[in-house]
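J.: Pasted the sequence and its predicted model underneath.
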Amino acid sequence: MVLLPYLCAAMVSTTSLRSERVSSNLPGTSRAVAIWVYTGVIMLLIQVILGGITRLTGSGLSITEWNVVTGAVPPMNSAQWQAEFAKYRATPQYQLLNSGFTLADFKFIFFWEWFHRFWARLVGVVFLVGFVGLIWKRKMQPWMVRPLIILFLLGALQGAIGWIMVASGLTGDAIYVKPTKLALHFVFALGLIVYTFWFALRLSVPDSAKVAASGEGRSGDGGPKTAARAGSEGRGGFQRRLAVLRRWTIVILILLFFQLLYGALMAGLKAATAAPTWPTINGSWIPAGLFSERPLMQDVAGNKITVHFIHRGLAYLLLVLVGIWSVLAARITGGGGGGSPIFNRLRWLPLLLIVVQIILGISSLLTSPGIVPQQWVAFDWLAQLHQVTGLLFLLTMVGMLYLVIPVRHTVYSVTV
């Protein structure tokens, strides 16, 4: 959540938003839509957090049906509760893992799954009501409609993927959802949040706030010829450094995608307890059982030790790359003396978040032997914070990418 206040401040203070795309300056119009979209971003973040709580409490399979409308209302009397409990008792998870559950135990896990689904419905309602209301009040610009329709379709697809994930744990001898389906659900959730956040940035952060725009106006000191030559050379060097930083940002985001994917596989496989040691993996830098299963795709997605090894390795690699990125960002801003004010304020944030993220990951790992079923212990707190920090790191890097992409459809003058 740390990045959002800065961006919201930029959104509120901007007097001409998206002026290169909209013929008239209507800051109130863009601001109203931007506030609505940022609300959606925050609600989606809460939805992912609720998903993490649902997983950690073992609640995900407590509701065995997908009733989009009628499922919004929980059981209201004893007979309805007994009917829902009977459906759960028919699942492999109850029969093989939770056969000692009482109705009170079932109500606890039912609540978290119901609330997770209820919040998803609420997100949909906020979207539809806001969309219709903003169009009705003529707050919506024509160019905004298509991205928002795509956003709605992505949200519906995410709901369907969520049910596919749940269904994978209701058949055969499954006591949990399939890790690959969990990872798919998580990755699509990240994609939905990133898409929404990017659209919010388009609405709230003008091109004049980007790093490229800030560097275009720089020129050298001295006489007219010297200033013109120095200004040209300075702009060329600035743009080269900016292009390098942009490529590093993209590389980090690609690696971060796989890192978050493997974090979801770690969670789905419940792999933390398979190697609760650090810095080695069960006492070895190259652990036994690494890449031991065939076919290879099954190993890299289902072998707990391999997933551990890749997840840790990507974390260390990201730490190094973000450290280099921070140095490159400091060169762009000249130690904070120039460039985009938003970028100057936030360029330290990726390194801070990746360090915190790794510390939380290590702490989660070391406390995993203390996991107690149906109890919220230190591991659960740390694992949840680990997930939240990962989400914030992702949004921070997406925001950084937006600030370093080229400025389009804008002409800058240079004083010589």
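T.: Nice, I can see it.
J.: quick one, what contacts the nearest residue to P406 once chain neighbours are set aside?
T.: Once flanking residues are discounted, P406 sits nearest to A212: 5.5 Å by Cβ to Cβ, 6 or more residues apart in numbering. All C-beta spots, glycine's among them, are computed from the backbone N, C-alpha and C. A212 sits next to 239, 242, 404-407 when contact means Cβ atoms under 8 Å, 6 or more residues apart in numbering.
J.: so how many other residues sit close to L349?
T.: The local packing of L349 (other Cβ atoms under 10 Å) involves 19 other residues.
J.: Ignore what I typed, I meant E293.
T.: Around E293 there are 16 residues (other Cβ under 10 Å).
J.: likewise T333?
T.: T333, neighbours per other Cβ under 10 Å, totals 19.
J.: just P406 next, same as before
T.: Residues near P406, counting by other Cβ under 10 Å: 14.
J.: which SSE is it in?
T.: Using DSSP states H and E, P406 is not contained in any helix or strand.
J.: For it, give its distance to Q239.
T.: Applying Cβ to Cβ, to the nearest Å, the value for P406 to Q239 is 9 Å.
J.: Check L56 too.
T.: In terms of Cβ to Cβ, L56 sits 47 Å off from Q239.
J.: higher neighbour count, those two?
T.: Set side by side, L56 and Q239 show more neighbours around L56, with 20 against 14, by other Cβ under 10 Å.
J.: Count the neighbours of the nearest residue to that one once chain neighbours are set aside for me.
T.: Distances taken as Cβ to Cβ, 6+ apart place D380 nearest to L56, at 4.8 Å, with adjacent residues excluded. Neighbourhood size, D380 [other Cβ under 10 Å]: 20.
J.: and D380, helix, strand or coil?
T.: helix (DSSP: H, G, I helix; E, B strand; the rest coil).
J.: Surely it and R55 touch.
T.: No: counting by Cβ atoms under 8 Å, D380 does not reach R55; the two are 9.9 Å apart.
J.: Just the helices from the stretch 101-250 of the chain, written as ranges.
T.: Counting by DSSP state H, counting those that start in this stretch, the stretch 101-250 of the chain has helices at residues 103-136, 142-167, 179-204, 211-216, 224-269.
J.: and after the helix or strand bottoming out on mean pLDDT in the chain, which helix or strand comes next?
T.: Across the helices and strands of the chain, the lowest-confidence element by mean pLDDT, DSSP states H and E is helix 3-13, at a mean of 45. Using DSSP H and E, the next helix or strand after helix 3-13 towards the C-terminus is helix 27-56.
J.: next helix or strand past that next one?
T.: Downstream of helix 27-56 (by DSSP H and E), the next one is helix 78-89.
J.: Report the distance from that next one to the chain centre.
T.: Distance, stretch centre to chain centre, for helix 78-89: 35 Å (Cα atoms, centre = their mean, to the nearest Å).
J.: Counting by contacts, list what that helix packs against.
T.: If contacts are counted by 3 or more Cβ pairs under 8 Å, 6 or more residues apart in numbering; DSSP states H and E, helix 78-89 sits against helix 103-136.
J.: For the helix it packs on, which residues meet the burial criterion?
T.: When neighbours are counted by 16 or more other Cβ atoms under 10 Å, the buried residues of helix 103-136 are found to be 106-107, 109-120, 123, 127, 130-131, 134.
J.: likewise stretch 377-391?
T.: 379-380, 382-391.
J.: Let me have these in JSON lines, extended by secondary structure.
T.: Below are the buried residues of stretch 377-391 laid out as JSON lines (three-state DSSP):
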{"residue": "F379", "secondary structure": "helix"}
{"residue": "D380", "secondary structure": "helix"}
{"residue": "L382", "secondary structure": "helix"}
{"residue": "A383", "secondary structure": "helix"}
{"residue": "Q384", "secondary structure": "helix"}
{"residue": "L385", "secondary structure": "helix"}
{"residue": "H386", "secondary structure": "helix"}
{"residue": "Q387", "secondary structure": "helix"}
{"residue": "V388", "secondary structure": "helix"}
{"residue": "T389", "secondary structure": "helix"}
{"residue": "G390", "secondary structure": "helix"}
{"residue": "L391", "secondary structure": "helix"}
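J.: Same list (these) but as JSON lines, adding distance to I305 and pLDDT.
T.: Below are the buried residues of stretch 377-391 laid out as JSON lines (distance: Cβ to Cβ, whole Å; pLDDT from 0 to 100):
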{"residue": "F379", "distance to I305": "19", "pLDDT": "94"}
{"residue": "D380", "distance to I305": "23", "pLDDT": "93"}
{"residue": "L382", "distance to I305": "21", "pLDDT": "95"}
{"residue": "A383", "distance to I305": "19", "pLDDT": "94"}
{"residue": "Q384", "distance to I305": "24", "pLDDT": "95"}
{"residue": "L385", "distance to I305": "25", "pLDDT": "96"}
{"residue": "H386", "distance to I305": "20", "pLDDT": "96"}
{"residue": "Q387", "distance to I305": "22", "pLDDT": "95"}
{"residue": "V388", "distance to I305": "26", "pLDDT": "95"}
{"residue": "T389", "distance to I305": "25", "pLDDT": "96"}
{"residue": "G390", "distance to I305": "22", "pLDDT": "95"}
{"residue": "L391", "distance to I305": "26", "pLDDT": "96"}
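J.: could those residues be laid out in TSV, adding distance to A32?
T.: Formatted as TSV, these follow (distance: Cβ to Cβ, whole Å):
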residue	distance to A32
F379	43
D380	39
L382	39
A383	38
Q384	33
L385	34
H386	35
Q387	32
V388	29
T389	31
G390	31
L391	26
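J.: V41: which of these is nearest?
T.: Minimum distance to V41 across the buried residues of stretch 377-391 is 10.5 Å, recorded for L391 (Cβ to Cβ).
J.: I'd like to know how far the closest one sits from F257.
T.: As judged by Cβ to Cβ, L391 and F257 stand 13 Å apart.
J.: Let me know the distance separating I332 from F238.
T.: Applying Cβ to Cβ to I332 and F238 gives a distance of 8 Å.
J.: Could you do L256 as well?
T.: L256 sits 26 Å away from F238, going by Cβ to Cβ.
J.: show me where pLDDT drops low in the stretch 1-150 of the chain?
T.: Residue ranges of the stretch 1-150 of the chain with pLDDT under 70: 1-29.
J.: follow-up on the earlier one: would you tell me which of the helices of the stretch 101-250 of the chain gets closest to T280?
T.: Closest to T280 of those is helix 224-269 (Cβ to Cβ; 17.0 Å).
J.: same for the closest one, what does it pack against?
T.: With contacts taken as 3+ Cβ pairs under 8 Å, 6+ apart, helix 224-269 sits against helix 179-204, helix 211-216, helix 304-333, helix 378-404.
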